[in-house]
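Asks: All I have is the shape, not the residue letters:
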């Protein structure tokens, strides 16, 4: 199977390590992804989350674009409800001007936090965004980027000057329908809600309307991926993420995670989630990738390696690349 691979990076916060150390491990990982030929790397927007030090995607994109040669940098995603549409458009127009044809703008809806005080602070006291408001915000961002918003984003800037490619993040058929109506490529959150992936991809293709952004449907599927020399080693490396998913915290080392049990009532859920992702040897992961592509019709896979330590994470991405050779 031959398919393009990309990566999602949360700047994972690891136990007993500082924010500076987490960012440095992401630096090492991104540089290696660039060397390996990964197509793009995206950064998430999270606020007040113990597992992730990725707070402002645009800042990370600018930094890592300057440290790499060819890989595309993107947001996975910038969360529209937290920002004024014009501010998002200005940031990404600036990034695309600095790094032509290397910038992706993945737009999402979630708040990026479970802390309602942070939500209120980000939204300046505003209430959670409705479906209609989110749709209006996305449309406004696209209008500004297309040069039809009545605002010059940057002096001398033109919409086609190596512009940022807009994407919509989706975890349900409803968000897929919005992406399809706007004619945007879509990134499916299989690593969060795998049970929705097939229906979401089908709805997107059924309703897709060509636009200036895309002339055909394009589906990228985000998959949690842990690859090792044995299935047992992959399970050992994945256990810290399973524990963090049940009880949000900084990512434990595999040795620390081995000391933590998974409650009996949660074991079925953990096993079902793991089975829907891609964990195991190169051969095991090759089969899982092929199955996910067959089920969703994915044009591209975006791998999320929630693995402790940069060396282990990089090795995971190296082995994953072998799974699509």
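Replies: Sure thing, it's come through. Computed from a predicted model, the values in this text were never measured in an experiment.

Asks: count of residues packed around residue 249?
Replies: 14 (other CB atoms under 10 Å). The C-beta positions use only the backbone N, C-alpha and C, and glycine is treated the same way.

Asks: So which residues of this structure form strands?
Replies: 4-9, 40-43, 72-79, 103-108, 165-170, 186-188, 219-227, 278-280, 300-304 (DSSP state E).

Asks: per-residue confidence for residue 51?
Replies: Turning to residue 51, the model gives it a pLDDT of 88.

Asks: So what's the gap between the helix-or-strand element of the chain with minimal mean pLDDT and the chain middle?
Replies: Least confident helix or strand, the chain: helix 116-122 with a mean of 75, by mean pLDDT, DSSP states H and E. Relative to the chain's own centre, helix 116-122 is displaced by 22 Å; criterion: CA atoms, centre = their mean, to the nearest Å.

Asks: where does the stretch 51-200 of the chain have low pLDDT?
Replies: 113-115, 124-128, 161-162 (pLDDT under 70).

Asks: ok so, going back, the least confident helix or strand of the chain: which residues count as buried?
Replies: Neighbour counts using 16 or more other CB atoms under 10 Å place 118-119, 122 of helix 116-122 among the buried residues.

Asks: before we move on, the earlier item: for residue 89, find the nearest of the strands of the chain.
Replies: strand 103-108 (8.8 Å; CB to CB).

Asks: What is the end-to-end distance of stretch 188-205?
Replies: Taking CA to CA, to the nearest Å, stretch 188-205 runs 13 Å from one end to the other.

Asks: which parts of it are buried?
Replies: Result for stretch 188-205 [16+ other CB under 10 Å]: buried residues 188-192, 194, 196-197, 200-201, 203-205.

Asks: Among those residues, which one lies nearest to residue 313?
Replies: residue 191 (14.9 Å).

Asks: Contact partners for the closest one?
Replies: Contact analysis of residue 191 by CB atoms under 8 Å, 6 or more residues apart in numbering lists 8, 222-224, 277, 304.

Asks: what mean pLDDT would you report for the helix ranked longest in the chain?
Replies: Scanning the chain for the helix with the most residues, using DSSP state H, yields helix 19-36. Average pLDDT, helix 19-36: 97.

Asks: Ok, stretch 313-325 next?
Replies: Taken as a whole, stretch 313-325 has an average pLDDT of 96.

Asks: Centroid-nearest residue for this protein?
Replies: residue 76 (3.7 Å; CA atoms, centre = their mean).

Asks: partners of the closest residue to it other than its chain neighbours in the sheet?
Replies: Excluding its sequence neighbours, the residue lying closest to residue 76 (CB to CB, 6 or more residues apart in numbering) is residue 42, at 3.2 Å. Per DSSP bridges, the residues bridged to residue 42 are residue 8, residue 74.

Asks: how deep is residue 42 tucked in, by neighbour count?
Replies: Other residues lying near residue 42 total 29 when counted by other CB under 10 Å.
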